[in-house]
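Participant: whatever this is, show me its structure:
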Amino acid sequence: MPEFRRRRRSIFDILDELFRDLEKRLESMDEDVEREFKRLREEGWGEIKGPYFYGIRITIGPDGVPRVEEFGNIGRGRRGRPLIKEEIEPLVDVIERDDEIWIIADIPGVSRENIDVKVTERAVTIKAHSEERKYHKIVDLPTEVDPETAKANYRNGVLEVKIKKKKEPGDKGFKVKIE
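Facilitator: Residues are numbered from 1 along each chain as shown. Predicted coordinates for the structure are as follows:
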């Protein structure tokens with residue numbers, strides 16, 4: 001009797017399956033958004049003003065598991081209906097370095113004066129606005145940081161925030177003589 005070996009799925013097989021599923025979801029969401037716009041126009045809302053943003057980013061985590069992150073201002077509301085938010089959720093990268101965390105956010109079309117960044121030990125909140133659009137994102141941090149060390153820079157539509165990690169007890173210090 002022949003022995004059958006089960007072929008291990010490669011990362012490409014997994015990604016291919018993920019992209020096929022994602023394509024179906026996006027097609028369904030596009031149809032739902034069009035139906036919802038039509039319904040709102042029929043209810044007397046008039047023309048619904050954009051811009052509308054929706055996107056995804058797929059990354060492979062350190063554990064080898066693919067992660068899908070959505071961004072934009074279109075989401076799912078009650079009963080699966082499209083929900084158009086006034087605020088755009090920007091695409092954000094969180095990069096962990098040896099002693100600091102970098103947050104890089106894509107928020108084009110706003111001026112430096114209209115950006116508000118608040119840092120706590122475990123999260124960063126970004127709010128920004130211009131006449132045409134509003135951005136809002138709460139970024140959970142992978143480790144505790146020292147909020148007082150935060151520094152931000154905004155150039156060409158990209159916000160960069162650097163924050164020092166909180167020092168662990170025992171990292172540095174001095175020996176206390178016991179009397």
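Participant: from here on, just use CA atoms for contacts and neighbour counts.
Facilitator: Fine.
Participant: low-confidence ranges, this structure, go.
Facilitator: Within the chain, the stretches with pLDDT under 70 are 1-7, 44-51, 80-82, 168-179.
Participant: mind listing the strands for it?
Facilitator: Ranges of strands in the chain, per DSSP state E, are 54-60, 66-76, 82-89, 92-96, 100-106, 115-119, 123-129, 134-140, 151-155, 158-164.
Participant: dump those to JSON lines, plus distance to R25 and mean neighbour count.
Facilitator: Formatted as JSON lines, the strands of the chain follow (distance: least, Cα to Cα, whole Å; neighbours: other Cα atoms under 10 Å):
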{"stretch": "strand 54-60", "distance to R25": "12", "mean neighbour count": "12"}
{"stretch": "strand 66-76", "distance to R25": "12", "mean neighbour count": "16"}
{"stretch": "strand 82-89", "distance to R25": "12", "mean neighbour count": "19"}
{"stretch": "strand 92-96", "distance to R25": "22", "mean neighbour count": "15"}
{"stretch": "strand 100-106", "distance to R25": "25", "mean neighbour count": "19"}
{"stretch": "strand 115-119", "distance to R25": "33", "mean neighbour count": "15"}
{"stretch": "strand 123-129", "distance to R25": "28", "mean neighbour count": "19"}
{"stretch": "strand 134-140", "distance to R25": "24", "mean neighbour count": "18"}
{"stretch": "strand 151-155", "distance to R25": "34", "mean neighbour count": "13"}
{"stretch": "strand 158-164", "distance to R25": "29", "mean neighbour count": "19"}
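Participant: dump those strands to JSON lines, plus distance to F12.
Facilitator: Compiled in JSON lines, these are given as follows (distance: least, Cα to Cα, whole Å):
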{"stretch": "strand 54-60", "distance to F12": "12"}
{"stretch": "strand 66-76", "distance to F12": "11"}
{"stretch": "strand 82-89", "distance to F12": "29"}
{"stretch": "strand 92-96", "distance to F12": "24"}
{"stretch": "strand 100-106", "distance to F12": "28"}
{"stretch": "strand 115-119", "distance to F12": "38"}
{"stretch": "strand 123-129", "distance to F12": "34"}
{"stretch": "strand 134-140", "distance to F12": "30"}
{"stretch": "strand 151-155", "distance to F12": "36"}
{"stretch": "strand 158-164", "distance to F12": "31"}
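Participant: among the ones you listed, which is nearest E43?
Facilitator: strand 82-89 (16.1 Å; Cα to Cα).
Participant: how far out from the middle of the chain is the closest one?
Facilitator: How far strand 82-89 lies from its chain's middle: 14 Å, per Cα atoms, centre = their mean, to the nearest Å.
Participant: parallel or antiparallel, list what pairs with that strand.
Facilitator: Strand partners for strand 82-89, identified by DSSP bridges, are recorded as strand 66-76 (antiparallel), strand 134-140 (parallel).
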